[in-house]
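1. pasted the sequence and its predicted model underneath.
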Amino acid sequence: MSVTYSSTQFEKAVEIIGQLPPEGSVKPNQGDQLTFYGLFKQAREGDNTKPKPGMLDFTGKAKWEAWKKNEGLDQETAKSKYVEYFVEFLDKHDPEETKKHKDAVLAA
């Protein structure tokens, strides 16, 4: 049985990710960033209907593909999966540094 997270928890997780210092010890790697991006876009906009960027737009193409990977997920499920991934991401780091973030999201 998986946990379902709320829209409020999603908003809090998005806020915290946006405030993580770029040079801090808790920061998403490129793969994490793309996962967060894809779930965020699915949660906010639904299925990706945008045209695929050209082959020389590497960043745009990676982001487009990350979003497309979540096609078919309803927006509430995408929000919950975003929070679930965020909690898993925090669990990979030092609990001393991530506890306040995790507590803030789970309490939202």
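-> Good, I have the coordinates. A quick note: this is a predicted structure, and the numbers were derived from the prediction, not measured.
2. wait, Asp32 sits on Leu90?
-> No. With contact defined as C-beta atoms under 8 Å, Asp32 does not reach Leu90; the gap is 10.8 Å. All C-beta atoms are positioned from the backbone trio N, CA, C, and that covers glycine.
3. and the two? Which one has more around it.
-> Leu90 (20 against 16; other C-beta atoms under 10 Å).
4. wait, that one sits on Ser25?
-> No. Using C-beta under 8 Å, Leu90 makes no contact with Ser25, being 12.0 Å away.
5. check which helices and strands the helix or strand of the chain with the lowest mean pLDDT sits against.
-> Least confident helix or strand of the chain, by mean pLDDT, DSSP states H and E, is helix 95-107 with a mean of 92. When contacts are defined as 3 or more C-beta pairs under 8 Å, 6 or more residues apart in numbering; DSSP states H and E, helix 95-107 packs onto helix 7-19, helix 75-91.
6. most tightly surrounded among those?
-> helix 75-91 (a mean of 19; mean count of other C-beta atoms under 10 Å).
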